[in-house]
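1. only geometry, no sequence info:
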């Protein structure tokens, strides 16, 4: 019996050690999760950084799936292409989910949806209208469509004027159409409708998008989406992968403080305001040095504003007009021109603010209300400075030889028609037509070198 127990101990002990090590390794191994990103704004530098950081974390943690829950009106092409490059290079499956009900994936959102491994929408959502938003003029006609005779006549009249514009428009549309068509072919989705969304700004609701092969599925929410994806096979980096999402933890990733800050300062209105605060803060510091408060605030604001302009599509002509406008308004303060410099500066500022950002996307343009409000404030500042200049012009001279006449002085001593008076804290020689007594106040009527001519300050009484 003892021999049997000893043999069992020798057999069981290694088995327990191996089982313990396996359990420890299993406990230390990170469990796969589903990560969810919420993009509920226009596609810009902040949302691009948010999605790119989410893709990096998903790859680092070997996540089972990354869900981009999207509701966007569109955005900047540069940011959209950065996001798509990240999705195409991701080793983790990416599902773009247009949700909740009432959401949309317009313009740039449609491209991102087509680039994702899985395209899904919630009921009551829509996508499309993917024509490049920075184009001007009428939508480009599809090949093979004959315009009406009246349209032909109008087109012939405008051929010379709009040849260059039409060529650039067609070039941009063709590039965008080819881009989304390549994404559709990569993911096996409806390429014909994708091109139509670019050339004709076509849109689709969720139900028709599913019928047309534009999206893969319709789901009410993220849990329903994960349930529908369970066991689905997708191609990742050229390899087939079966999604196993049952009982996985779902984690929502919040934007970092850096992303939130970028979201604030890349608002065109905030970027313009930061530039103005920066310029005027530095001017105030130079005008009244020593406190460092205005200079510090101005320097930080100016750097943040310049960083925002660096990541936004800036029209340099608009930026130059804004700089000219601010310079003219500041010049009005230092060299008053009775409003001419200020009016010119205000006009240059309005035009420059309107042209500052080189995009037709409303989300990345300066608000007209903000431009009007800022112009009114600058106009009020100009009027205030002009009023100070006018008051200074009308004020009696307070220094030099011309300042003496009319000044009330006190007699120190007097003999005959000459004596001494106290003028601006100094003893001056004086002469006058009458006899004055010490302590009496008299009025300066003129000056001859270093001698003041004084008269009585008391009004003459008529008899």
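-> Happy to help now that I have it. Worth saying up front: this structure is predicted, and the values here are computed from it rather than measured.

2. what about residue 238, distance to residue 88?
-> 12 Å (C-beta to C-beta, to the nearest Å). The way it works is simple: take the backbone N, C-alpha and C, and place the C-beta from them, glycine included.

3. please say which of these two ends up with more neighbours.
-> Comparing residue 238 with residue 88 by neighbour count (other C-beta atoms under 10 Å), the higher total belongs to residue 88, at 15 against 5.

4. separation between that one and residue 232?
-> Counting by C-beta to C-beta, the gap from residue 88 to residue 232 is 19 Å.

5. for residue 313, grab the count of nearby residues.
-> Neighbour tally, residue 313, other C-beta under 10 Å: 16.

6. kindly check the end-to-end length of stretch 62-80 for me.
-> The first residue of stretch 62-80 is 24 Å away from its last residue (C-alpha to C-alpha, to the nearest Å).

7. buried set for that stretch?
-> Neighbour counts over stretch 62-80 (16 or more other C-beta atoms under 10 Å) mark 63-77, 79-80 as buried.

8. burial count for residue 293?
-> 11.

9. quick one, grab the pLDDT at residue 201.
-> On pLDDT, residue 201 comes in at 89.

10. pretty sure it is in a helix, no?
-> No. Under DSSP: H, G, I helix; E, B strand; the rest coil, residue 201 sits outside any helix and is assigned coil.

11. for it, what are its contacts?
-> 128-131, 139 (C-beta atoms under 8 Å, 6 or more residues apart in numbering).

12. so which of these is the most crowded?
-> Counting by other C-beta under 10 Å, top hit in those: residue 130 with 30 neighbours.

13. for residue 220, which residues are in contact?
-> 122-123.

14. cool, residue 225 as well?
-> 67, 95, 97, 120, 217, 219.

15. CSV for the residues you listed, including pLDDT and distance to residue 422?
-> Below are the contacts of residue 225 laid out as CSV (pLDDT from 0 to 100; distance: C-beta to C-beta, whole Å):
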residue, pLDDT, distance to residue 422
67, 96, 87
95, 96, 91
97, 96, 88
120, 96, 92
217, 94, 97
219, 95, 94
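
16. biggest separation within those, which pair?
-> Farthest-apart pair in those is 67 and 217; separation 12.7 Å (C-beta to C-beta).

17. looking at the contacts of residue 225, which are in helices?
-> Secondary structure from DSSP state H places none of the contacts of residue 225 in helices.

18. turn these into a markdown table, including distance to residue 309.
-> Formatted as a markdown table, these follow (distance: C-beta to C-beta, whole Å):
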| residue | distance to residue 309 |
| --- | --- |
| 67 | 33 |
| 95 | 35 |
| 97 | 33 |
| 120 | 37 |
| 217 | 41 |
| 219 | 40 |
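
19. let me know the closest of these to residue 373.
-> Distances from residue 373 to the contacts of residue 225, taken by C-beta to C-beta, are shortest for residue 97, at 38.5 Å.

20. what sits closest to the closest one if chain neighbours are left out?
-> residue 120 (4.7 Å; C-beta to C-beta, 6 or more residues apart in numbering).

21. from residue 168, how far off is that neighbour?
-> For residue 120 relative to residue 168 (C-beta to C-beta), the value is 36 Å.

22. the more surrounded of the two?
-> Set residue 120 next to residue 168 and count neighbours by other C-beta under 10 Å: residue 120 wins out with 27 against 13.

23. ranges for the strands of the stretch 251-400 of the chain?
-> For the stretch 251-400 of the chain, strands defined by DSSP state E, counting those that start in this stretch do not occur.

24. low-confidence ranges in it?
-> 287-288, 332-339, 359-362, 378-379, 381-400 (pLDDT under 70).
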